[in-house]
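*Asks:* the sequence and its predicted three-dimensional model are supplied below.
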Amino acid sequence: MKLVLWDIDHTLIATRGVGREIFGDCFEQVTGHPMREQAAVDGMTEPVIFRETAKLHGITSDRPMFEAFARLSAEQHQLRAGELRERGHALPGAARVLAAVAALDGAEQTVVTGNIRAAAETKLQVFGLDTHIRFPIGGYGEDDAERAELVRTAIRRASHSLNTPIAPEDVLLIGDTPADVAAAKDNHLPVLAVATGRSTSTALRKAGADLVVRDLEDPSPVIWALTGH
């Protein structure tokens, strides 16, 4: 079997600012401070972004604060799903490549994302990209602050759910940042990087991606990475 671990933001979808607005609203509700600036988000998990954004405002955060933030974020993503659909979009080829992987015998797909699970589900559902994703076996921001650990979490969950050990060579991680590449390499996994975010193809190659593509409009590189043909 093959297990595909998808990043979400700038790999499969773009929120076009809605995600940042939701983050800012929830941050203010939890901390009592308007968000003047946000910490770097590319490849970072939600706990890290919250913690570092709090630091930028002179706030020392803790786990209960993040958990309160996560609950609000889950609610806001649901409440603003229509706005997300109107302003954001699925990236070109996303639906097609998910379907192409699903058509392979023995292929399972889930997500490894810095998002909390509720937000991840909403983001993919509003763009019709949830059909082939097994959310229960994914790795999410509330699971750990480190992306490499989220990869391990997803593999453990998948192994348990499928009742079979999963070897590193049978996993493919797909993401758009050097942090995605690093998380894969920390776990000795092959990684396909897609240059649909802020990171250039050159930067992704330098980070150590096994394969770099400009976008997902042609599913054949992903299929080749999984099957060798």
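*Replies:* Received the coordinates, thanks. Numbers count the residues shown, from 1 in each chain.

*Asks:* mind checking the end-to-end distance for stretch 118-132?
*Replies:* One end of stretch 118-132 sits 17 Å from the other (C-alpha to C-alpha, to the nearest Å).

*Asks:* quick one: mean pLDDT for that stretch?
*Replies:* Throughout stretch 118-132, pLDDT has a mean value of 98.

*Asks:* may I see the buried residues of it?
*Replies:* Within stretch 118-132, the residues scored as buried using 16 or more other C-beta atoms under 10 Å are 118-127, 129-130, 132. To be clear about C-beta, it is placed using only N, CA and C from the backbone, and glycine gets the same treatment.

*Asks:* do stretch 25-37 as well
*Replies:* 25, 26, 27, 30, 31, 35.

*Asks:* so what does the spatially closest residue to residue 204 that is not a sequence neighbour look like in phi/psi?
*Replies:* Spatial nearest neighbour of residue 204, excluding adjacent residues (C-beta to C-beta, 6 or more residues apart in numbering): residue 193 at 3.9 Å. Main-chain torsions, residue 193, degrees, to the nearest 10: phi -110, psi 140.

*Asks:* 12 is where my numbering starts, stick with that
*Replies:* Will do, 12 is the new start, and the previous item becomes residue 204.

*Asks:* just checking, residue 204 touches residue 226?
*Replies:* No - counting by C-beta atoms under 8 Å, residue 226 is not a contact partner of residue 204; they are 11.4 Å apart.

*Asks:* name the residues of stretch 179-198 that are buried.
*Replies:* Under 16+ other C-beta under 10 Å, the buried positions of stretch 179-198 are 181-196, 198.

*Asks:* just those: which are in strands?
*Replies:* Here DSSP state E is the test, and these give 182, 183, 184, 185, 186 as lying in strands.

*Asks:* pretty sure the first one contacts residue 17?
*Replies:* This means residue 182. No - when contacts are counted by C-beta under 8 Å, residue 182 is not listed as touching residue 17 (11.7 Å).

*Asks:* okay, now the domains of this protein?
*Replies:* For the chain, automatic domain parsing gives the domain ranges 13-26+100-238, 29-97.

*Asks:* end-to-end on the longest one?
*Replies:* In this case it means domain 13-26+100-238. End-to-end distance (C-alpha to C-alpha), domain 13-26+100-238: 9 Å.

*Asks:* and for the shortest one?
*Replies:* Domain 29-97 stretches 10 Å from its first residue to its last (C-alpha to C-alpha).

*Asks:* check the offset of it from the chain's centre.
*Replies:* Distance of domain 29-97 from its chain centroid, counting by C-alpha atoms, centre = their mean, to the nearest Å, is 16 Å.

*Asks:* likewise the first one?
*Replies:* What separates the centre of domain 13-26+100-238 from the centre of its chain is 7 Å, taken as C-alpha atoms, centre = their mean.

*Asks:* show me the strands in the protein, by range?
*Replies:* Under DSSP E, the chain gives strands at 13-17, 24-25, 100-101, 118-122, 182-186, 202-205, 222-224.

*Asks:* which one of the ones you listed lies nearest to residue 89?
*Replies:* strand 24-25 (16.1 Å; C-beta to C-beta).

*Asks:* name the helices or strands packed onto the closest one?
*Replies:* If you count contacts as 3 or more C-beta pairs under 8 Å, 6 or more residues apart in numbering; DSSP states H and E, strand 24-25 packs onto strand 100-101.
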